[in-house]
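K.L.:
Need the 3D shape of this:
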Amino acid sequence: MYQICIYNYDRSLEETLLLFIELLMDGHSNFISKSWEGGPHLQIVTRNKPTKEIISKLKKKLGQLIDQHPLEASYVKKIQDQYERNLSLLSKLENKKQIKKIREHGEVEVCPFEFFFHNQLMTQLYVGERFKLNQLLMDTKKYLITENLSEAELFPLIFAKISNVYQQNGDNKGYFSFISHVHGFLELSEKQDRPYSESVFEKIYQEKQLKFEYLKKIHSKILERWANQFSQFYYDCLEQVDQLVDEAYRSELERTITELEKNFQNDFHQNFVHYSRQKNFMENSEATAYRFTINLLYLVLPFFNISALKKQQYLYLAYREVEKEKGITWREELGLGINN
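P.N.:
Numbering: from 1, shown residues only. Predicted coordinates for the structure are as follows:
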């Protein structure tokens with residue numbers, strides 16, 4: 001497979017570029033993603049090597065847009081310097097062994113598409129699903145624009161909806177994954193003296209929860225599309241879970257559980273690990289298929305310019321919405337009581 005990397009330092013051009021790409025690639029199997037490596041860029045991933053005609057048309061269109069909306073050279077240099085400074089940190093976070101040099105604004109590059117997740121079968125499953133998801137992502141981009149919606153209004157509801165694909169006896173258990181992410185993040189934030197806390201996130205939720213009720217009703221169709229597509233992927237994973245999971249994965253999972261218990265002192269992780277072991281929660285096939293499903297969700301978030309911090313905020317808002325629907329908080333569900 002191949003990827004066309006379109007380096008663009010002007011986010012205002014993105015909407016026009018995406019519409020052009022959709023028309024240009026009509027009839028060609030592809031999916032669109034975003035990445036930071038080498039500078040901010042759109043990726044068009046294709047099964048076959050893109051033709052010279054496609055590349056020529058892309059370069060021409062991009063050149064026209066840049067000529068019409070020129071950026072100050074000092075601004076481009078500032079962005080490039082920021083990426084240079086962050087290369088080491090970002091590469092560690094994403095486990096990159098090799099880092100591409102910073103590219104110029106407007107540069108177009110064709111190179112092999114390299115992606116690997118855990119093992120070959122899982123990698124094939126993820127890549128195949130990215131092709132299937134592309135239309136939903138493009139439609140959602142356009143939906144946000146036409147409905148004058150922000151990602152902050154829609155994606156917490158998308159997260160909450162997707163968490164419901166993992167249930168036990170009809171009860172949403174997928175939301176535990178979001179709680180784990182958020183409270184791990186909040187504990188690390190406190191250790192690093194960052195201004196993020198449960199009370200800060202809760203204030204945001206209290207400001208938004210009434211509007212969420214309205215948004216869920218009027219945007220139910222797009223929410224259902226996300227839920228249905230990710231639900232189907234969940235069941236695809238569940239059918240193959242014995243083939244997808246190998247001994248290396250099981251060892252990694254056990255190591256993760258042990259590290260959560262050892263390294264995190266927040267009340268969720270300290271109590272959830274015991275809850276999980278007692279109920280075989282993390283090791284069962286349904287939980288495994290759900291983790292694979294949520295990993296796919298996180299893979300597509302950069303396409304919507306959802307940063308790591310925004311993701312944590314949306315996850316918090318999502319699990320609070322689930323708690324409201326369940327009529328019980330996670331602390332109560334783990335037996336901690338409302339005062340703990």
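K.L.:
which ones are touching the residue positioned nearest the centre of the chain?
P.N.:
Closest residue to the average C-alpha location of the chain: residue 298 at 2.1 Å, with C-alpha atoms, centre = their mean. Residues in contact with residue 298 (C-beta atoms under 8 Å, 6 or more residues apart in numbering) are residue 311. Heads up, the C-betas are built off the backbone N, CA and C, glycines and all.
K.L.:
Tell me if it really is in a strand.
P.N.:
No - assignment of residue 298 by DSSP: H, G, I helix; E, B strand; the rest coil gives helix, placing it outside any strand.
K.L.:
how much space between it and residue 315?
P.N.:
10 Å (C-beta to C-beta, to the nearest Å).
K.L.:
got it, and residue 228?
P.N.:
Distance from residue 228 to residue 315, by C-beta to C-beta: 21 Å.
K.L.:
higher neighbour count, these two?
P.N.:
residue 315 (26 against 13; other C-beta atoms under 10 Å).
K.L.:
which SS class is that one?
P.N.:
From three-state DSSP, the assignment for residue 315 is helix.
K.L.:
In this structure it contacts residue 176, no?
P.N.:
No - at 11.4 Å, residue 315 does not count as touching residue 176 under the criterion of C-beta atoms under 8 Å.
K.L.:
and the residue lying closest to residue 147 once chain neighbours are set aside, how far is that from residue 188?
P.N.:
Spatially, and ignoring its direct neighbours in sequence, residue 147 is nearest to residue 219 (7.2 Å; C-beta to C-beta, 6 or more residues apart in numbering). Using C-beta to C-beta, we find residue 219 at a distance of 33 Å from residue 188.
K.L.:
Could you check which of these two has the larger neighbour count?
P.N.:
Each of residue 219 and residue 188 has its neighbours counted (other C-beta under 10 Å); residue 219 has more, 17 against 14.
K.L.:
Run through the neighbouring helices and strands of the helix ranked longest in the chain.
P.N.:
In the chain, taking DSSP state H as the definition, the longest helix is helix 120-146. Packed against helix 120-146 by the contact rule (3 or more C-beta pairs under 8 Å, 6 or more residues apart in numbering; DSSP states H and E) you find helix 14-24, strand 30-35, helix 151-163, helix 220-239, helix 241-244, helix 285-300.
K.L.:
Comparing those, which comes out most buried?
P.N.:
Across the helices and strands packed on helix 120-146, averaging neighbours per residue (mean count of other C-beta atoms under 10 Å) puts helix 151-163 on top, at a mean of 22.
K.L.:
how big is the angle separating that one from helix 285-300?
P.N.:
160 degrees (axes from the mean of the first three to the mean of the last three C-alpha atoms, to 10 degrees).
K.L.:
Heading C-terminal from helix 151-163, find the next helix or strand.
P.N.:
strand 167-168 (DSSP states H and E).
K.L.:
what about that next one, average pLDDT?
P.N.:
Mean per-residue pLDDT for strand 167-168: 90.
K.L.:
same question, stretch 254-268
P.N.:
Per-residue pLDDT values over stretch 254-268 give a mean of 81.
K.L.:
can you check stretch 71-80 too?
P.N.:
Here the average pLDDT along stretch 71-80 is 92.
K.L.:
about what we covered before: next, the angle from the longest helix of the chain to helix 14-24.
P.N.:
Using the same axes, to 10 degrees, helix 120-146 lies at 120 degrees relative to helix 14-24.
K.L.:
List the buried residues of helix 120-146.
P.N.:
Applying a neighbour-count criterion of 16 or more other C-beta atoms under 10 Å, one finds 122, 125-127, 129-130, 133-134, 136-138, 140-141, 143-144 buried in helix 120-146.
K.L.:
now that helix: how far from the chain's centre is it?
P.N.:
Relative to the centre of its chain, helix 120-146 is centred 11 Å away, using C-alpha atoms, centre = their mean, to the nearest Å.
K.L.:
Am I right that residue 115 is in a helix?
P.N.:
No - looking at residue 115 with three-state DSSP, it is coil, so not inside a helix.
K.L.:
how much space is there between it and residue 124?
P.N.:
10 Å.
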